[in-house]
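> Pasting the sequence and the predicted coordinates here, then a few questions.
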Amino acid sequence: MPPSSSSPSRVPVEERLFSLVLALLATETGLTKNEILSTVQGYRQRFVTHGDNSSLERQFERDKDDIRELGVPLETVESPGDSGNNQLLRYRIPKGAYDLPADVTFSPQEITLLGLAATVWKEGSLSGESRRALMKLRSLGVEANDPIVGYAPRLRARDSAFDPLSQALERNAIVQFPYLKPGESASRTRTVAPLALVQHQGRWHLQGIDQDAHGSRTFLLSRMVGPVKVTARTFEPEGSDFAAKALADLESIWQANVATIEVTAGTDAATRLGKRYGDAVPTKGDGESFELTVNYSDVNILADQLASFGPEVLVLAPDALRDAVRDRLVATAAAHERNDRG
């Protein structure tokens, strides 16, 4: 039977993210969650007025994590006089924080090449509605004075794992998934009774009872390297407030682990780390570099991030993090040497 003509059409995830960024850039005061879900391309098609939009809200929470991880400085602003009311929180992207540094300029040839590249990506990925949104921005003079830097959103393993895990939580069903731990060359199938899905510091975690280890474990969704299988086996959870407990445990680990890094001023590392660790306070300033005190919950995740900046970042402490970053840089150098010899 063909689908009803009134059923909402599916909007590609990259288009939804792009539309969300455009909407949040276009407003100085920000948008509430309800305004976003009811008006922004990719959400509004499935928004139900005065109805249940819980799945749409969960999608918005995941999308916020995605664009923040891409380096987009999404801010949350509380309503004046109504602090703590999550329904009145406003979301925005301060335009000045998303502009290119003032000292970055392009030659006419470079601008032409960037324009061609943006056109190729845009024409291949965006619908007519998004293209019309860009044309509207151009008609307001945005392109001439304030170029919008495009990006190509990427999907992570978490995106495919979240929905089946959510379904399993609703049914109290046991799940299985391949999980790759840091330092291991092959994944191992985990069988877990899921208790809670929680987001902490921009990353999603599954807290549950590992059926093989017979104990509570927390799993990063980004390390689930294959499909999540929802089994026919069910269980009865023992206890309550699993999400609150999982978040408390993660926060405790986060607060207990502190790293000190030296960052070269004016670099990509300085910009991105400054945005991600906005509460970190520079402890040293010599004009060329500064120190940041950074909390973390997983040494391998932080090592991956810091190693990607190469010489722009130097780990001062702890030793375990410094060694982990060095191992990654040595492995990268060795890989390049093998390629050069080949």
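Perfect, thanks for sending it. Residues are numbered from 1 along each chain as shown.
> what are the ranges of the strands in the chain?
With strands called from DSSP state E, the chain shows them at 31-32, 75-77, 90-92, 173-179, 188-200, 203-210, 215-220, 229-234, 258-264, 289-295, 313-317.
> Each with direction, which strands does the longest one pair with?
Yep, that's strand 188-200 we're talking about. strand 173-179 (antiparallel), strand 203-210 (antiparallel) (DSSP bridges).
> Can you check what angle separates that strand from strand 215-220?
Strand 188-200 and strand 215-220 are oriented at 70 degrees to each other (axes from the mean of the first three to the mean of the last three C-alpha atoms, to 10 degrees).
> Next: the last one.
Note on geometry: by the same axes, to 10 degrees, strand 313-317 and strand 215-220 are set 160 degrees apart in direction.
> Please identify the buried residues of strand 313-317?
313-315 (16 or more other C-beta atoms under 10 Å). Every C-beta, even on glycine, is put in place using the N, C-alpha and C of the backbone.
> Could you do the fifth one as well?
For strand 188-200, burial by neighbour count (16+ other C-beta under 10 Å) applies to 190-200.
> That one - what's its average pLDDT?
In this model, strand 188-200 has a mean pLDDT of 93.
> hmm, back to that, a markdown table for the strands paired with strand 188-200, including mean pLDDT, mean neighbour count and distance to Thr76?
Output for those, formatted as a markdown table (pLDDT from 0 to 100; neighbours: other C-beta atoms under 10 Å; distance: least, C-beta to C-beta, whole Å):
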| stretch | mean pLDDT | mean neighbour count | distance to Thr76 |
| --- | --- | --- | --- |
| strand 173-179 | 97 | 20 | 31 |
| strand 203-210 | 93 | 21 | 17 |
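> mind checking which of those strands is nearest Gln305?
Among the strands paired with strand 188-200, the nearest to Gln305 by C-beta to C-beta is strand 203-210 (11.4 Å).
> For that closest one, give me every contacting residue.
62, 65, 158, 162, 165, 175, 190-199, 215-222, 235, 242-243, 245-246, 249-250, 301 (C-beta atoms under 8 Å, 6 or more residues apart in numbering).
> where are the low-confidence patches of the stretch 1-150 of the chain?
Within the stretch 1-150 of the chain, the stretches with pLDDT under 70 are 1-10, 79-87, 95-150.
> which one is Glu236 nearest to, not counting chain neighbours?
In space, and not counting its chain neighbours, Glu236 is closest to Asn172: 6.8 Å by C-beta to C-beta, 6 or more residues apart in numbering.
> My guess is that neighbour contacts Pro237. True?
Yes. With contact defined as C-beta atoms under 8 Å, Asn172 and Pro237 form a contacting pair (6.4 Å).
> which neighbours do those two share?
Common contacts of Asn172 and Pro237 (C-beta under 8 Å, 6+ apart): Ala193.
> ok, back up a step: got a markdown table for the strands of the chain, with distance to Asn339 too?
Rendered in a markdown table, the data for the strands of the chain read as follows (distance: least, C-beta to C-beta, whole Å):
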| stretch | distance to Asn339 |
| --- | --- |
| strand 31-32 | 47 |
| strand 75-77 | 41 |
| strand 90-92 | 43 |
| strand 173-179 | 29 |
| strand 188-200 | 30 |
| strand 203-210 | 31 |
| strand 215-220 | 30 |
| strand 229-234 | 37 |
| strand 258-264 | 27 |
| strand 289-295 | 31 |
| strand 313-317 | 24 |
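> How much space separates Arg272 from Val315?
To Val315, Arg272 is 16 Å away according to C-beta to C-beta, to the nearest Å.
> the helices in the protein, which residues?
Counting by DSSP state H, the chain has helices at residues 13-25, 33-39, 54-69, 95-98, 108-125, 128-139, 142-145, 157-171, 242-256, 268-276, 299-307, 319-341.
> contacting residues around the longest one?
For helix 319-341, contacts defined as C-beta under 8 Å, 6+ apart pick out 259, 296, 299-300, 302-304, 306-307, 310, 313, 315-316.
> Filter these down to just the buried residues.
259, 296, 299-300, 302-303, 306-307, 313, 315.
> now, the most widely separated pair of those residues?
Going by C-beta to C-beta, the pair spanning the buried ones among the contacts of helix 319-341 furthest: Asn300 and Val313, at 15.8 Å.
> my guess is Glu28 contacts Val77, does it?
No. At 10.5 Å, Glu28 does not count as touching Val77 under the criterion of C-beta under 8 Å.
> Of the two, give the one with the bigger neighbour count.
More crowded of Glu28 and Val77, by other C-beta atoms under 10 Å: Val77, with 14 against 8.
> residues touching that one, list them.
29-30, 89-92.
> What of Ala213?
Applying C-beta under 8 Å, 6+ apart, no residues qualify as near Ala213.
> Cool, thanks, signing off.
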